[in-house]
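**Q** For reference, the sequence and a predicted model appear below.
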Amino acid sequence: MRPKKVEKTADGHHVVIEGCKWRATNPHLPEEERQRLVNELMSARRAVGAALKSGDKEAETLARARVNAAKIALGERGPKWWDEGNGEKA
């Protein structure tokens, strides 16, 4: 599997992967915290896949909630980490 080419937008707020623009991870997160959250995100995504494969709707709902929580904590969803008032400087 070939690694995907990732480009950052000029302002650094988004990444572009295969022509799609996504919100970037908050660069102000300490590396240890960022890695912990990425690990949780990957675990949650695996749980979504397992729930889909087994047809377990309740497990799927819980796993998708974990994905969402990890993405919010990473700054990829929820309040924009670069906006004033979110505790970080742009």
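**A** Now that the structure is in, tell me what you want to look at.

**Q** Quick check: chain neighbours aside, which residue is closest to the residue most central in space within the chain?
**A** Against the mean C-alpha coordinate of the chain, by C-alpha atoms, centre = their mean, the closest residue is residue 71 at 3.5 Å. Nearest residue to residue 71, sequence neighbours excluded (C-beta to C-beta, 6 or more residues apart in numbering): residue 77, at 4.5 Å. Bear in mind the C-beta positions are built from the backbone N, C-alpha and C, glycine included.

**Q** so how far is residue 50 from that neighbour?
**A** 22 Å (C-beta to C-beta, to the nearest Å).

**Q** can you check residue 75 too?
**A** Taken as C-beta to C-beta, the span from residue 75 to residue 50 is 27 Å.

**Q** cool, and residue 58?
**A** 13 Å.

**Q** For those two, indicate the residue with more neighbours.
**A** Shown here are residue 58 and residue 50; by other C-beta atoms under 10 Å, residue 50 has more neighbours (13 against 8).
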